[in-house]
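Asker: Attaching a predicted model along with its sequence, questions to come.
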Amino acid sequence: MWGFLLSMLSGALMSLQGVFDTQVTDRTSIWVAAGWVQLTAFLACAVAWFFTGRKPVADLFQVRPWYLLLGGVMGAFITITVIQGMQALGPARATLLIVITQLAVSYGVELLGLFGVERAPFRWSRLFGLLLAVGGFFLFEHSAGQ
């Protein structure tokens with residue numbers, strides 16, 4: 001149950017962050033907004049690290065494979081693409097496409113056992129669930145025109 005609640009909170013925060021970041025971009029620029037997001041995320045992490053037991057930062061240099069350290073770079077591009085997607089499509093449509101794509105890519109990572117993730121067996125029900133989500137997008141799109 002805890003995982004469900006945390007995942008729902010994460011989805012809500014990501015949607016709201018996209019809306020907020022888009023508004024900041026409208027008043028500044030894409031790079032200023034993305035930079036602000038990353039800077040404030042760093043500060044929040046530094047404060048949390050300070051209060052929750054400080055493992056050495058130098059442990060980062062022990063992380064292998066090295067590409068696992070690219071999460072921050074991805075985060076910057078996530079911020080930029082979310083902002084641009086929401087500007088182009090609006091928050092609801094952009095978020096729906098983001099979530100469907102996250103589901104498809106995550107399922108692919110599990111199926112193939114990529115990046116150290118335990119390989120999961122193929123299940124038709126999961127593929128059907130993904131296709132149902134895609135169908136939901138088209139239903140959402142069709143209902144928007146009425």
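Answerer: Perfect, thanks for sending it.
Asker: Now do the helices in this structure.
Answerer: 2-27, 30-51, 71-89, 91-112, 124-144 (DSSP state H).
Asker: between these, which one is nearest to Leu60?
Answerer: Among these, the nearest to Leu60 by Cβ to Cβ is helix 71-89 (10.8 Å). (Each C-beta comes from the backbone N, C-alpha and C, glycine too.)
Asker: Show me what the closest one is packed against.
Answerer: helix 2-27, helix 30-51, helix 91-112 (3 or more Cβ pairs under 8 Å, 6 or more residues apart in numbering; DSSP states H and E).
Asker: Other residues contacting it?
Answerer: The contact list for helix 71-89 (Cβ atoms under 8 Å, 6 or more residues apart in numbering) reads 14, 17-19, 21-22, 25, 30, 33-34, 37-38, 41, 94-95, 97-98.
Asker: who touches Phe140 in this structure?
Answerer: Contacts of Phe140 by Cβ under 8 Å, 6+ apart are Ala92, Arg93, Leu96.
Asker: any idea how far it is from Arg119?
Answerer: 32 Å (Cβ to Cβ, to the nearest Å).
Asker: Need the helices and strands packed on helix 71-89 in JSON lines (columns: distance to Ile83, mean pLDDT and mean neighbour count).
Answerer: As requested, those are exported to JSON lines (distance: least, Cβ to Cβ, whole Å; pLDDT from 0 to 100; neighbours: other Cβ atoms under 10 Å):
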{"stretch": "helix 2-27", "distance to Ile83": "5", "mean pLDDT": "93", "mean neighbour count": "13"}
{"stretch": "helix 30-51", "distance to Ile83": "6", "mean pLDDT": "95", "mean neighbour count": "13"}
{"stretch": "helix 91-112", "distance to Ile83": "9", "mean pLDDT": "95", "mean neighbour count": "15"}
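Asker: Redo those helices as TSV? Include distance to Val63.
Answerer: Listed next are the helices and strands packed on helix 71-89 as TSV, based on distance: least, Cβ to Cβ, whole Å:
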stretch	distance to Val63
helix 2-27	23
helix 30-51	16
helix 91-112	18
